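K.L.:
Give me coordinates for this.
(2 chains)
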2 protein chains.
Amino acid sequence: MADINTIGAQFTEFYYKTFDAGRNQLGALYRPTSMLSFEGAQTLGDAAIVEKLTGLPLDGLVHKISTQDVQPLDGGLLITVTGQLLAGGETNAQFFTQTFHLKPDGGSYYVQNDIFRLVYGL
Amino acid sequence: MADINTIGAQFTEFYYKTFDAGRNQLGALYRPTSMLSFEGAQTLGDAAIVEKLTGLPLDGLVHKISTQDVQPLDGGLLITVTGQLLAGGETNAQFFTQTFHLKPDGGSYYVQNDIFRLVYGL
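P.N.:
All right, here's what the predicted structure looks like:
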């Protein structure tokens, strides 16, 4: 079995690649019990979360990960990412932090908790 | 019973007030199973965590919370904070993000997971 740092890195690579290429594909990562806090707005359940994510005005933006920390959490993983949201051609990045709690689910994992915040101050 | 947002706010207020006034008092919040990732360095257990925190060159710095998100997590709480570390008299803040997983423990909570990262880019 892969160690949690490898699993965490694989998850975030897949998550942000999918987010930037086609957010409507992210639904498979969530379940009806999943929770998203996006800039303070709370959304419950995979269907509502995908609707929320696909409705965000982030077209053309790309996530670039700066740091990633992974800890075990009751058979699952806790992951905190910091990084930048970059617009095409722009260098004026917006910093963000995102925390995922991945719960085990029959050999795989799903996102039970998801908290996203932009970090201001530039 | 207080809602999780109230509990979360009480916890972070107490945590940062204690951190800024006397970090050696933070040990009561952790247990032997607790994990800290501080700028990528991992520490296990309340005794080692207090030693790590008290050894940080942060004297005179004050935490100022910008945002705080709280979600339920298996009877406990998941909290992600963003904020600034301010030196006395300085306005040139260092931004940080910190994530806590609080586990229930007989009517109270302790910190099982703790991930801290500075957010660069200023």
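
K.L.:
So which bits of chain A are right by chain B?
P.N.:
Residues of chain A found near chain B, taking C-beta under 8 Å from any C-beta of the partner chain as the criterion, are A:35, A:37, A:40, A:42, A:66-67, A:69, A:71-74, A:78, A:80, A:82, A:84, A:93, A:95, A:97, A:99, A:101, A:112-113, A:115, A:117, A:119-122. Heads up, the C-betas are built off the backbone N, CA and C, glycines and all.

K.L.:
are any of the residues you listed buried, and which?
P.N.:
Among the residues of chain A next to chain B, those scoring as buried are A:35, A:37, A:66-67, A:69, A:71, A:73-74, A:78, A:80, A:82, A:84, A:95, A:97, A:99, A:101, A:112-113, A:115, A:117, A:119 (criterion: 16 or more other C-beta atoms under 10 Å in any protein chain shown).

K.L.:
related to what we said a few turns ago, give me the subset of the residues of chain A next to chain B lying in strands.
P.N.:
Secondary structure of the residues of chain A next to chain B is defined by DSSP state E; positions in strands are A:35, A:37, A:42, A:66-67, A:69, A:71-73, A:78, A:80, A:82, A:84, A:95, A:97, A:99, A:101, A:112-113, A:115, A:117, A:119.

K.L.:
what's whichever residue of chain A sits closest to chain B in contact with, if anything?
P.N.:
Closest approach of chain A to chain B (C-beta to the nearest C-beta) occurs at residue A:97, with a separation of 3.9 Å. Contact partners of residue A:97, counting by C-beta atoms under 8 Å, 6 or more residues apart in numbering or on different chains, are A:80-83, A:116-117, A:119, B:80, B:82, B:97, B:117, B:119.

K.L.:
From those residues, pick the one nearest residue A:23.
P.N.:
Ranked by distance to residue A:23 (C-beta to C-beta), the contacts of residue A:97 are led by residue A:116 at 12.7 Å.
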